[in-house]
Each structure stands twice: as structure tokens, then as C-alpha cells.
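Asks: build me a model from this:
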Amino acid sequence: MRVGNSRRRKARRGSALVEFALIGLMFFILLIGIADMGQMLFLQQALAERARGAARWGAVTDPTNTSAIRNMVLYLQPTVPGAARTSFGLTPAMVSVTTPDAGTDNYRLVVRVSGYSYILLSPSFAGSYQGVPVSVSVPLGLYH
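Replies: Numbers count the residues shown, from 1 in each chain. From the prediction side, this is the model:
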């Protein structure tokens, strides 16, 4: 009777280890997927906030100074700092600033961030992906 009990315990331990491995693998894949989704959402929202802040700053100061507005997106200040390092790997080519319909009631300032990338770590989707462009438009026709 003792020999049969010992075998059952070993079998239970082995099956518990296999179950833990399967469940643990699925748990960690799900955890990495949640982290990837959080990273994508954070990056998208951070860039939208930078573009919004730069557009607002440009609308209040000088909407025609496109280089200063671009610098506001890249460096959070209107001039290029001494140690010119951007966040999120942005380059000046990724930020466009336009002022369409100048001199009309539809005059506006448009700040667009595009071409940025992010890296996913999820097993099935691992790799570098290009993010959705962020565009912010501020109406100026009534104010300027």
C-alpha cells in the first residue's frame, strides 16, 4: 500500500509541474502583451500631448515661426539646446508644422508627428512598427 501511495504523489507532482509550465507560459505571454499595449498607448498619448502643447504655444506666440514650434515638439523649448537630444527617437523630419488658409477665417496651425516607431516584444508580434500619425489643428482665423 505504501508503494502505490508514493507513485501517486510523484505523478501528482509531475502533473502539477506540467500544469504550472503551461499556465505560466500563457500568463507571461499575456503579461508581455499588456506591457506592449501600454507602451503603444503611452507613446501615442505622449506625442499627442507634445503636439498639442506645441500648437498651443505657437498659436499664442507666433504661428508663422514653424522652426520654433517644431523645436517645442522635439525639445520642449523653442530653441535647440546645447545637448540636442530628443525624446522618443524623434527627428526634425518627423514633425511638420503648417499654417493653411492664412488670411482667411479658416486660418489654422497644424502640427503633425509621423514616422515614429515602437518595438513590440510579444512573441507573435515581435518587431519594430511605425506608429499612427498624430495631428493637432488649432484655429487662428478669428484671433489673428
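Asks: and stretch 104-123, end to end?
Replies: 52 Å (CA to CA, to the nearest Å).
Asks: what's the mean pLDDT across it?
Replies: For stretch 104-123, mean pLDDT is 91.
Asks: list the buried residues in it.
Replies: 107-109, 111-113, 116, 118, 120, 122 (16 or more other CB atoms under 10 Å). (C-beta placed from N, C-alpha, C; glycine too.)
Asks: stretch 35-52 now?
Replies: For stretch 35-52, by 16+ other CB under 10 Å, it's 36, 43-44, 47, 50-51.
Asks: keep only those of those residues that are in helices.
Replies: 36, 43-44, 47, 50-51 (DSSP state H).
Asks: okay if I get the residues you listed as a markdown table plus distance to residue 100?
Replies: Shown next, in a markdown table, are those (distance: CB to CB, whole Å):
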| residue | distance to residue 100 |
| --- | --- |
| 36 | 36 |
| 43 | 27 |
| 44 | 24 |
| 47 | 21 |
| 50 | 21 |
| 51 | 16 |
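Asks: from these, which is closest to residue 18?
Replies: For those, the residue nearest residue 18 by CB to CB is residue 36; the value is 27.6 Å.
Asks: could I get the pLDDT score of the closest one?
Replies: 93.
Asks: from residue 127, how far off is it?
Replies: Residue 36 sits 11 Å away from residue 127 when distances are taken as CB to CB, to the nearest Å.
Asks: of the buried residues of stretch 104-123, just say which sits nearest to residue 100.
Replies: Of the buried residues of stretch 104-123, the one sitting nearest to residue 100 (CB to CB) turns out to be residue 108, at 6.3 Å.
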